[in-house]
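J.: From the sequence below, what's the structure:
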Amino acid sequence: MKIAITGGTGLVGAHLARRLTMRGHSVVLISRGIDRRDEDIRTLPGSTLAPIGIGDETKLTEAFAGCDGVAHCAGINREMGEQTYRRVHVEGTRNVVNAARRAGVGKVLLLSFLRARPDCGSPYHESKWAAEEIVRSSGLDYTVIKSGVIYGRGDHMLDHLSRAFHTFPIFGLVGFRALPMRPVAIEEVGRVLEASLIDGDLSRSTVAVLGPEELTMPEAVRRVADVVGERPRMIPLPVALHRLIGWVCERAMTIPLVSLAQVRILTEGLVEPHPPCDPLPDRLRPKLSFSEEQIRRGLPAPGRFGWSDLRWCARRSAAPAMGPGPPSAGS
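T.: I've put the predicted structure just below:
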């Protein structure tokens, strides 16, 4: 089969591409072409790279030609310039769905967020919900995957935690309540996506994909710190202070240490979809716990945050090779 993957150079998109090509399928990787974190994905055997983004319906239609399905994994967790939640999550999804219809694609899969919902005061949550509604009302066969924290090699969670532990002696926890979460391994997410796209599972369904183990955010952070071998002092900080930190990080860093959307996410807990959705079949439920082995497999090489993580420095160092724009998460 031939599958197009938007956000094809991001964490989930790249993992799915490798998973599918290893099983003899071909993939078309749709991206904006500026995410350089995984250079190997650009030359993956069995793949074609289309650095066109999701803003042009006509270009997407051409890229989707001959595809059996589309995995729509593109998304952002902070707004920057023209890359707004409405433009990426809403208008981009509409372009993907319209292009899939025009190209005769049989299946569209959307990777959404666990607690995406309308009228909640968060542009991130609301735009993700709007994308879900576009897919559900498309008239195409669809699957909507609602997930919380996805971890694995190349993610933001383990990468940022590891680098923070190597950089700062103090780690600020969001708020004074230890809310629960269920981190899910990227391998498990990929297995569910493959079952939907290749095996025809989860047709016309909206399902939550969560890890089997429930733990609080402080417990998860301490578990990662133990594996990294650092012992930062962990201090709960007011949510308002984290919002200020998120506001500054979004404007100062190429990939923010924390974004405003992530602060909102961490104040709600990540153990149940809201609103409720269809149950995931037992055979597809994730089984890998957030163990030392899994954490170690996903950790980056030891490193600190530095000047190169600041947008101004990144623009200067990247300008000769990549142009003036810094890379953005989820592209």
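J.: Not counting its neighbours along the chain, what's nearest residue 193?
T.: Among residues not flanking residue 193 along the chain, residue 16 sits closest, at 5.3 Å (C-beta to C-beta, 6 or more residues apart in numbering). C-beta: built from backbone N, CA, C; applies to glycine.
J.: ugh, wrong one, I meant residue 145
T.: residue 111 (5.2 Å).
J.: coming back round to it: check the burial of the residue nearest to residue 193 by counting its neighbours.
T.: 28 (other C-beta atoms under 10 Å).
J.: who are the neighbours in contact with it?
T.: Residue 16 is in contact with 3, 5, 27, 71, 73, 190, 193, 194, counting by C-beta atoms under 8 Å, 6 or more residues apart in numbering.
J.: What segments of this protein are helices?
T.: 11-22, 57-63, 85, 92-103, 123-136, 157-167, 186-197, 217-228, 239-252, 260-266, 292-298, 311-322 (DSSP state H).
J.: Where does the prediction get shaky in the protein?
T.: For the chain, the stretches with pLDDT under 70 are 33-38, 314-331.
J.: hang on, isn't residue 210 packed against residue 185?
T.: No - here residue 210 does not reach residue 185: they are 10.9 Å apart, not a contact under C-beta atoms under 8 Å.
J.: Mind listing the shared neighbours of those two?
T.: residue 286.
J.: ok, back up a step: what would the helices of the chain look like in JSON lines with distance to residue 280?
T.: Conversion of the helices of the chain to JSON lines gives the following (distance: least, C-beta to C-beta, whole Å):
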{"stretch": "helix 11-22", "distance to residue 280": "17"}
{"stretch": "helix 57-63", "distance to residue 280": "29"}
{"stretch": "helix 85", "distance to residue 280": "27"}
{"stretch": "helix 92-103", "distance to residue 280": "22"}
{"stretch": "helix 123-136", "distance to residue 280": "16"}
{"stretch": "helix 157-167", "distance to residue 280": "22"}
{"stretch": "helix 186-197", "distance to residue 280": "7"}
{"stretch": "helix 217-228", "distance to residue 280": "22"}
{"stretch": "helix 239-252", "distance to residue 280": "31"}
{"stretch": "helix 260-266", "distance to residue 280": "21"}
{"stretch": "helix 292-298", "distance to residue 280": "20"}
{"stretch": "helix 311-322", "distance to residue 280": "39"}
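J.: mind checking which of these is nearest residue 173?
T.: helix 217-228 (5.8 Å; C-beta to C-beta).
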